[in-house]
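# got a predicted model here, sequence first, then my questions.
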Amino acid sequence: MGDALTCPTTDWILSQFGRDRSKAQKVYRKFVRQGRGIEIWDELRHGCLLGTDAFEAKIAPSLSQSQLEIEIPRSQLLAAGPSLDELFSDAADKPSRNRKIREVMRSHEYTLKELSAHLGLHYSTVSVIAKNVDELQEHQK
């Protein structure tokens, strides 16, 4: 019955902890125990990634080239996209920051929570800024 529960994902994960399956399972169990009591959900990026910018950059090519046959939310498919630091690097003043907020929300699928945490603004402020930029662009047409 143990073989019925084995899948390529399980094998790959265990391979990260060692070549011998039995030893890898023990090391994996220890790894999981060490993480008990740690709140990780607030640290997720794009709803599925947990790690440093370097880790995200390292796995980005495999995420963008993935040929998975399951449905994955769009935000998770875009997880290989640019970081907020990269996206806001050229926002030198409030107007350019505000335009960037709208662009990031629309094109890169970042959430209000992620943007507000990065910018040090309340999420409702970020929402109002994006709406105002939308209205300004509509008015200019």
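Sure, I can see it. Residues are numbered from 1 along each chain as shown.

# could you say what helices and strands the top helix by length along the chain packs with?
Ranked by number of residues, the top helix in the chain under DSSP state H is helix 123-140. Contact here means 3 or more C-beta pairs under 8 Å, 6 or more residues apart in numbering; DSSP states H and E; on that basis helix 123-140 packs against helix 94-107, helix 112-119. To be clear about C-beta, it is placed using only N, CA and C from the backbone, and glycine gets the same treatment.

# need these in CSV with mean neighbour count, can you?
Below are these laid out as CSV (neighbours: other C-beta atoms under 10 Å):
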stretch, mean neighbour count
helix 94-107, 16
helix 112-119, 17
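
# of those, which is nearest residue 138?
helix 94-107 (11.7 Å; C-beta to C-beta).

# residue 44 contacts residue 111, correct?
No: the criterion here is C-beta atoms under 8 Å, and residue 44 misses it with residue 111 at 10.4 Å.

# from residue 102, how far off is the residue lying closest to residue 108 once chain neighbours are set aside?
Nearest non-adjacent residue to residue 108, counting by C-beta to C-beta, 6 or more residues apart in numbering: residue 81, 5.3 Å away. For residue 81, the distance to residue 102 equals 16 Å [C-beta to C-beta, to the nearest Å].

# next one: the helix or strand residue 22 falls within to chain centre, how far?
Secondary structure assignment for residue 22, by DSSP states H and E: helix 21-34. Distance of helix 21-34 from the chain centroid (C-alpha atoms, centre = their mean, to the nearest Å) equals 26 Å.
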